[in-house]
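S.K.: dropping a prediction and its sequence here:
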Amino acid sequence: MLQIAKELLGKILVTRFDGQLTSGRIVEVEAYNGVIDKAAHSFGGRRTNRNEVMYADGGVAYVYLCYGIHHLFNVVTHSKDTPHAILIRALEPVKGIDEMLYRVRKLKLDNSLTRGPGNLSKALGIFTKHNGLSLRSKDLYIGDDGFEYAKKEIAASPRIGVDYAGDDALLPYRFYVKGNPYVSGKIK
DNA sequence: GAGTAGATCCTCT
DNA sequence: GAGGATCTACTCA
């Protein structure tokens, strides 16, 4: 599971909504470990309408609205009935930067465009209606251009914003590219 | 520059 | 009816 999280770093996340193609290279992820992770929605086998998608086969998107403001984009990674997911926290913009800037009402590119899960979802045009969408569809997919980060460029740390999860909040399930300006800097 | 409070709404109890 | 996988802005030093 953690292996998959690391492999996602360096991949290209592509969306094509409203005829606008936008994409970015994944530079920060967090792993959520199914039923034994207090920080995961699926902890203890909880299964509701909201997180039903986590129990699907891997390769679909799990999109969820948090704090009424932020859309969080996850990749379901495991097989049916095993609710593992990887939260995409940050991207480095690749294509469609003008379109992304328009979506977040910015005039010029800066590091905050795709830093943090709320911002990156907004920049890519991802909303809750994309929940459950396959990542092999033509409008939303993860590409691989052969690029990968060296092991020494990848660092691990505790996850962000999951203080309520007790001991599990300290697990080093967050992976990011060292020195990349799009990685969110807040470490609690 | 650092720390804190407020925003804001869907989902589950 | 309460709280959450967050971000931003504003205050204070």
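M.R.: It's in.

S.K.: next, the residue of chain A positioned farthest from its centre: secondary structure please.
M.R.: Distance from the C-alpha centroid of chain A, by C-alpha atoms, centre = their mean, peaks at residue A:107 (24.6 Å). Secondary structure, DSSP: H, G, I helix; E, B strand; the rest coil: residue A:107 is coil.

S.K.: if I look at it, how far off is residue A:176?
M.R.: Using C-beta to C-beta, to the nearest Å, one obtains 27 Å as the distance from residue A:107 to residue A:176. The C-beta positions use only the backbone N, C-alpha and C, and glycine is treated the same way.

S.K.: in chain A, what secondary structure element scores lowest on mean pLDDT?
M.R.: helix A:97-103 (a mean of 86; mean pLDDT, DSSP states H and E).

S.K.: tell me which helix or strand comes right after that helix.
M.R.: Using DSSP states H and E, the helix or strand that follows helix A:97-103 in sequence is helix A:117-124.

S.K.: kindly export the helix or strand following that next one (C-alpha atoms) in PDB.
M.R.: Per DSSP H and E, the first helix or strand lying C-terminal to helix A:117-124 is strand A:140-143. Only the C-alpha atoms of strand A:140-143 are listed here, as PDB (Å, rounded to 0.1, in the frame of the first residue of the first chain):
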ATOM      1  CA  LEU A 140      -9.900  11.900 -15.800                       C
ATOM      2  CA  TYR A 141      -6.800   9.700 -15.700                       C
ATOM      3  CA  ILE A 142      -3.400   9.200 -14.300                       C
ATOM      4  CA  GLY A 143      -0.600   9.200 -16.900                       C
END
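
S.K.: centre of the chain to whichever helix or strand comes after strand A:140-143, how far?
M.R.: Using DSSP H and E, the helix or strand that follows strand A:140-143 towards the C-terminus is strand A:154-157. Going by C-alpha atoms, centre = their mean, to the nearest Å, the spacing between the C-alpha centre of strand A:154-157 and its chain's C-alpha centre is 16 Å.
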